[in-house]
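Chemist: mind folding the following:
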Amino acid sequence: WAAEQAGGATPTPTPTPTPTPTPTPSATPSPTPSPTPSVTPTPTPSPTPSATPSPTPSPTPSATPSPTPQPAAACRVTYSANSWGSGFTAAVEVTNTGSTAWSSWRLGFTFAGDQKVTQGWSATWDQSGSTVTATNAAWNGQLAPGATTSIGFNGSYSGTNAAPTAFTVNGAACS
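Modeler: This is a model prediction of the structure:
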């Protein structure tokens, strides 16, 4: 040892480390891209056009029906008057000439001149202008087929006292 310490001995070489070979990098295979599935876009529904409301058609006016002429009533009216000065008395007969009984009746006529009913009997008498109506009394409203009722009135006039020419019973023309 001492000799060694004296410096006479050759030092033992320290081994130099041998480099470890670095492996040569090999190419890392890059992944082959797989085809990306293409996304088919879902069509966005466009709004369905709504129908534009067409105007509601106005009702087409139809022809106004003309009144159907009423058949001649199954009735007959006789009228006679006795005149004096400016007054008169009229006798009126109403006859049911049909085949059906009447439960009530209403006589109508129009004066041609300036006649006025002043008092009547056997009916309720009414006058508006020249139009006169007589409605049955409680006891003579029912007229069987072929039956006649007699009614009358007193009246006044100026000028002429022409007899009425057209009569109706219950709105239908009589003969």
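Chemist: number of nearby residues for the closest residue to Thr78 other than its chain neighbours?
Modeler: Spatial nearest neighbour of Thr78, chain neighbours left out: Glu93 (4.6 Å); criterion: Cβ to Cβ, 6 or more residues apart in numbering. To be clear about C-beta, it is placed using only N, CA and C from the backbone, and glycine gets the same treatment. Counted with other Cβ atoms under 10 Å, the burial measure for Glu93 works out to 14 neighbours.
Chemist: Glu93 contacts Thr149, correct?
Modeler: Yes. Because the distance of 7.3 Å satisfies Cβ atoms under 8 Å, Glu93 is recorded as touching Thr149.
Chemist: let me see the contact set for the nearest residue to Ala112 once chain neighbours are set aside.
Modeler: In space, Ala112 comes closest to Ala162 once its chain neighbours are excluded; the distance is 4.4 Å by Cβ to Cβ, 6+ apart. Applying Cβ atoms under 8 Å, 6 or more residues apart in numbering, one finds that Ala162 lies in contact with 111-113.
Chemist: now the buried members of those.
Modeler: Buried by 16 or more other Cβ atoms under 10 Å: Phe111, out of the contacts of Ala162.
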